[in-house]
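> Here is my input, please return the structure:
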Amino acid sequence: MSVKTELFSPLTIKNVTLKNRIVMSPMCMYSCENEDGMVNDWHLTHYTSRAVGQTGLIVTEAVPVTRQGQISPQDLGIWSDDHIPGLKKLTTLIKKHGAKTAVQLGHAGRKAIYEGETIAPSAIGFDEKAKVPAAMTEEQIRETIEAFRDGARRARESGFDIIEIHGAHGYLISQFLSPLSNSRTDSYGGSLKNRFRFLKEVTEEVKKEWDGPLFVRISADEYHPDGNQLQDFVQAAEWLKALGVDLIDCSTGGIIRTPISVYPGYQLRHSETIRRDADIMTGAVGLITSGTQAEEILQNGRADLVFIGRALLRDPYWARSAARELNADIEPPKQYGRSW
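I've put the predicted structure just below:
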């Protein structure tokens, strides 16, 4: 007898209904050819196979809104209208198999692998071996915020269902948020409210081009006593909710190079606390590997979605494995019905 589960229940966010609570977490693929950011056969196969495997929402790797903001030269891009046809082909294929699509808009800031000058809120390198970035001028800040807006337009024209703003893992938005990387003395630095201003203005500009579901990924623990603490991110989540953000995707780390003790569910307290204290939907991520674990998270109100990373790299049909573990009944692709 099939069992009713939270993991395989639908969730509607604004005008988009996800068929289940399983999300493919954004993960860099380093697979673009010629450093052009264009979709190729690898991306079509990689992302679409997880849709065939019945994942509810597929989130792309982080796509930079400017070439200067690339995490690596081999990552997908969205800095040009030339990227739209390939991204449109990708979203069409994914949606054909019943999954919804999301794009993660980002900028690497001081962590960019870029031959030219890199930019950041302050001229502070990631570590002693990293290139020292140029502190952004107000004009560069405005240009970058506008690039996020243009990225949102391209996402809409490419057919994505959801946008996620990448504010985590020590990339540009995370750099503005953190006192460990932001030593500015103007209105983009100093207090938490000032350090939040860049993300606030990015969100406002994105929403000029986007009225669908909007997520923000954050690093809710910076693993340093002088960095932001969880309650700082509760406050940021409250501000984001007031701006119309629908869900906070709760990761941790990346602003500095420091060892992190990882174990199954090690980031759950962040998603649970932000969900409760900021009264906003959250996504949980971080060594979530089994259906039982994912179901416990949802049933106990620790998050609204579970973001699966490495487990989905190992098993494109992770949803099927989780359903069998939970004795839940999910519809197979018709082509696989006799073996599901």
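
> Could you tell me whether residue 77 really is in a helix?
No. Using DSSP: H, G, I helix; E, B strand; the rest coil, the secondary structure at residue 77 is coil, not a helix.

> ok, it - how many residues close by?
The criterion is other CB atoms under 10 Å. On that basis, residue 77 has 25 neighbouring residues. Using the backbone N, CA and C atoms, a C-beta is placed for each residue, glycine as well.

> Start the count at 289 instead of 1 going forward.
Fine by me, first position is 289 from now on; the one you just mentioned is residue 365.

> For it, give its distance to residue 339.
22 Å (CB to CB, to the nearest Å).

> Which strand or helix spans the nearest residue to residue 511 once chain neighbours are set aside?
Distance criterion CB to CB, 6 or more residues apart in numbering; nearest residue to residue 511, sequence neighbours excluded, is residue 546 at 5.0 Å. Here residue 546, judged by DSSP states H and E, is contained in no helix and no strand.

> Residue 546 touches residue 513, doesn't it?
No. At 11.3 Å, residue 546 and residue 513 do not qualify as touching, with contact defined as CB atoms under 8 Å.

> So between those two, which is more surrounded?
For residue 546 versus residue 513, the count of surrounding residues by other CB under 10 Å is larger for residue 546: 11 against 6.

> Return the per-residue confidence for that one.
Per-residue confidence (pLDDT) for residue 546: 92.

> And for residue 433?
The predicted local distance difference test score for residue 433 is 98.

> From residue 390, how far off is it?
Residue 433 sits at a distance of 21 Å from residue 390 (criterion: CB to CB).

> likewise residue 322?
Between residue 322 and residue 390 the computed distance is 26 Å (CB to CB).

> and if you look at residue 363?
When distances are taken as CB to CB, residue 363 and residue 390 turn out to be 16 Å apart.

> These two: which is more packed in?
A count of neighbours by other CB under 10 Å puts residue 390 above the other of residue 363 and residue 390, at 27 against 23.

> who's that one bridged to?
Beta bridges link residue 390 to residue 347, residue 450 when assigned by DSSP bridges.

> wait, it sits on residue 453?
No. Here residue 390 lies out of contact with residue 453, judged by CB under 8 Å, at a distance of 10.9 Å.

> what comes up buried for the helix or strand residue 438 falls within?
Applying DSSP H and E as the criterion places residue 438 in helix 426-445. Using 16 or more other CB atoms under 10 Å as the burial criterion, the residues of helix 426-445 that qualify are 429, 432-433, 435-444.

> Could I get these in a markdown table, plus columns for distance to residue 384?
Compiled in a markdown table, those are given as follows (distance: CB to CB, whole Å):
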| residue | distance to residue 384 |
| --- | --- |
| 429 | 40 |
| 432 | 34 |
| 433 | 34 |
| 435 | 30 |
| 436 | 29 |
| 437 | 29 |
| 438 | 27 |
| 439 | 24 |
| 440 | 24 |
| 441 | 24 |
| 442 | 21 |
| 443 | 19 |
| 444 | 19 |
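
> ok so, going back, and the contacts of the helix holding residue 438?
Applying CB atoms under 8 Å, 6 or more residues apart in numbering, the set of residues contacting helix 426-445 from outside is 351, 353-354, 357, 366-367, 369, 371-372, 375-376, 391, 393, 395, 407, 424, 451, 453, 460, 474, 476, 486, 489-490, 493-498, 500.

> Filter those residues down to just the buried residues.
Listed as buried from those are 351, 353-354, 357, 366-367, 371-372, 375-376, 391, 393, 395, 407, 424, 451, 453, 460, 476, 486, 489-490, 493-495, 497-498, 500; burial here means 16+ other CB under 10 Å.

> What about those, which are in strands?
Mapping these onto strands (DSSP state E) picks out 351, 391, 393, 407, 451, 453.

> Residue 578: which of those residues is nearest?
Taking CB to CB as the measure, residue 391 is the one of these closest to residue 578, at 27.8 Å.

> Strands of the chain, start to end?
With DSSP E as the definition, the chain shows strands at residue ranges 299-301, 304-306, 310-312, 345-352, 388-394, 407-408, 422-423, 450-455, 502-507, 535-539, 569-573, 593-596.

> Could you work out which of those strands reaches nearest to residue 618?
In this view, the strands of the chain are compared for proximity to residue 618 by CB to CB, and strand 310-312 is the closest at 10.0 Å.

> For the stretch 489-628 of the chain, just list every one of the helices.
Secondary structure of the stretch 489-628 of the chain (DSSP state H, counting those that start in this stretch): helices located at 518-530, 556-565, 579-587, 598-602, 606-614.

> Where does pLDDT dip in the stretch 289-438 of the chain?
289 (pLDDT under 70).

> starting at the chain centroid, how far to the helix holding residue 438?
For helix 426-445, the distance between its averaged C-alpha position and the chain's averaged C-alpha position is 17 Å (CA atoms, centre = their mean, to the nearest Å).

> between that helix and strand 450-455, how many degrees?
160 degrees (axes from the mean of the first three to the mean of the last three CA atoms, to 10 degrees).

> quick one on the thing from earlier: turn the strands of the chain into a markdown table, including distance to residue 625.
As requested, the strands of the chain are exported to a markdown table (distance: least, CB to CB, whole Å):
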| stretch | distance to residue 625 |
| --- | --- |
| strand 299-301 | 26 |
| strand 304-306 | 23 |
| strand 310-312 | 20 |
| strand 345-352 | 22 |
| strand 388-394 | 23 |
| strand 407-408 | 52 |
| strand 422-423 | 57 |
| strand 450-455 | 29 |
| strand 502-507 | 33 |
| strand 535-539 | 33 |
| strand 569-573 | 31 |
| strand 593-596 | 24 |
